[in-house]
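Student: coordinates only, sequence not included:
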């Protein structure tokens, strides 16, 4: 009914690079995953989901070493923080209390997880760069709580009481192959293919320390690919222009597995950006991406 749940998000990132004793050292702080969807309180799927708010922060110190003039290798460790909020409505008519209206359920949880990443760089010619990068999967053991408000604790809803919760979540490994081809002193063509092992993320099972049965948000994700092609143009010593397109495949496997919390579809990216060299030590980069998404069917049910 005209409610798409969309919100505006700000996705920050910060990268630093230095050198020490023949090694290149780096630090990346970024947001590898995120989700913010909030539907109206009276929408048709309110007993599945109202708000889904996933925030992540990944801290990634790295080091790299030149093997020779053409080859270098890199290694990094990742400390990843996840903060999650899930809310939905509760149908009080299931407790024989139709006059009470809907109740509210809000679940919050957070966790830290750790992983690693590997990189290989090869320069077959002075104008051609090839890169291979792997990031490990990460397993989060999230803990938190569920709070119920205005819920009639009777009948089918008798077990819905405030409680501590926990869940195990596997976030996917990824493998990327990238090419940077110089065409002239000013123009470079870039391409990338990234595989994501989303098949590790089959479901989101939440366990309660009360009498409430486990909650299973079925996902049944499949592995997915992201293919991109772009270019850069060095306008002058200070300004670099960038543009690119990408095809981003959804991991959602079918309409039956397209949850209102992850209503994902295939999408196309159209991006452009600007890099400005403030000094020899500092660059400022800004970019804009427009995502064109296909329409897709939803036929999602849960056992409860």
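Tutor: Right, received. Where do you want to start? Source: prediction; values computed, not measured. Numbers count the residues shown, from 1 in each chain.
Student: Helices of the stretch 51-200 of the chain, start to end?
Tutor: Per DSSP state H, counting those that start in this stretch, the stretch 51-200 of the chain carries no helices over any range.
Student: biggest strand in this structure by residues?
Tutor: strand 102-125 (DSSP state E).
Student: elements contacting that one?
Tutor: strand 51-66, strand 71-91, strand 128-135, strand 138-149, strand 163-171 (3 or more Cβ pairs under 8 Å, 6 or more residues apart in numbering; DSSP states H and E). Where C-beta positions appear, they are placed from N, C-alpha and C, glycine not excepted.
Student: Make CSV out of the ones you listed and add distance to residue 262.
Tutor: What follows is the helices and strands packed on strand 102-125, written out as CSV (distance: least, Cβ to Cβ, whole Å):
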stretch, distance to residue 262
strand 51-66, 8
strand 71-91, 11
strand 128-135, 20
strand 138-149, 16
strand 163-171, 13
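Student: Format these as CSV; extra columns: mean neighbour count and distance to residue 290.
Tutor: Below are the helices and strands packed on strand 102-125 laid out as CSV (neighbours: other Cβ atoms under 10 Å; distance: least, Cβ to Cβ, whole Å):
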stretch, mean neighbour count, distance to residue 290
strand 51-66, 17, 22
strand 71-91, 18, 28
strand 128-135, 16, 26
strand 138-149, 17, 30
strand 163-171, 18, 26
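Student: Out of those, the one nearest residue 11 is which?
Tutor: Evaluated over those, closeness to residue 11 peaks at strand 51-66, with 10.2 Å, by Cβ to Cβ.
Student: For the closest one, give the mean pLDDT please.
Tutor: Strand 51-66 comes out with an average pLDDT of 95.
Student: Same check on stretch 122-132?
Tutor: On average, stretch 122-132 scores 96.
Student: Just the endpoints, please. Distance across that stretch?
Tutor: Chord length of stretch 122-132, first to last residue, is 9 Å (Cα to Cα, to the nearest Å).
Student: How about stretch 189-202?
Tutor: End residues of stretch 189-202 are separated by 37 Å (Cα to Cα).
Student: Which positions in that stretch come out as buried?
Tutor: 190, 192, 194-198, 200-201 (16 or more other Cβ atoms under 10 Å).
Student: How about residues contacting that stretch?
Tutor: 137, 169-181, 183, 219-232, 244, 251 (Cβ atoms under 8 Å, 6 or more residues apart in numbering).
Student: how many degrees apart are the longest strand of the chain and strand 138-149 in direction?
Tutor: Interaxial angle, strand 102-125 versus strand 138-149 (axes from the mean of the first three to the mean of the last three Cα atoms, to 10 degrees): 160 degrees.
Student: Neighbouring strands - and their directions - for the helix or strand of the chain with the lowest mean pLDDT?
Tutor: Here the helix or strand of the chain ranked lowest by mean pLDDT, DSSP states H and E is strand 215-218, holding a mean of 82. Using DSSP bridges, strand 215-218 pairs in its sheet with strand 203-208 (antiparallel).
Student: Now do the buried residues in the partner strand.
Tutor: For strand 203-208, burial by neighbour count (16+ other Cβ under 10 Å) applies to 204, 206, 208.
Student: so what's the second one bridging to?
Tutor: When you say that, I think you mean residue 206. residue 215.
Student: That one and residue 107 touch, don't they?
Tutor: Yes. Between residue 206 and residue 107 a contact is recorded at 6.9 Å, counting by Cβ atoms under 8 Å.
Student: For stretch 99-116, what is the distance to the chain centroid?
Tutor: Distance of stretch 99-116 from the chain centroid (Cα atoms, centre = their mean, to the nearest Å) equals 17 Å.
Student: What's the end-to-end length of stretch 121-141?
Tutor: 34 Å.
Student: With stretch 10-30 instead?
Tutor: Terminal residues of stretch 10-30 are spaced 12 Å apart (Cα to Cα).
Student: show me where pLDDT drops low in the stretch 1-150 of the chain?
Tutor: Residues of the stretch 1-150 of the chain that meet the criterion pLDDT under 70 lie in 1-2.
Student: circling back to that earlier point, list the buried residues in the least confident helix or strand of the chain.
Tutor: Neighbour-count burial for strand 215-218 flags 215, 217 (criterion: 16+ other Cβ under 10 Å).
Student: helices or strands up against the very next helix or strand once past it?
Tutor: Helices and strands here follow DSSP states H and E; after strand 215-218, the next one along the chain is strand 224-234. Applying 3+ Cβ pairs under 8 Å, 6+ apart, one finds that strand 224-234 contacts strand 187-196, strand 239-248.
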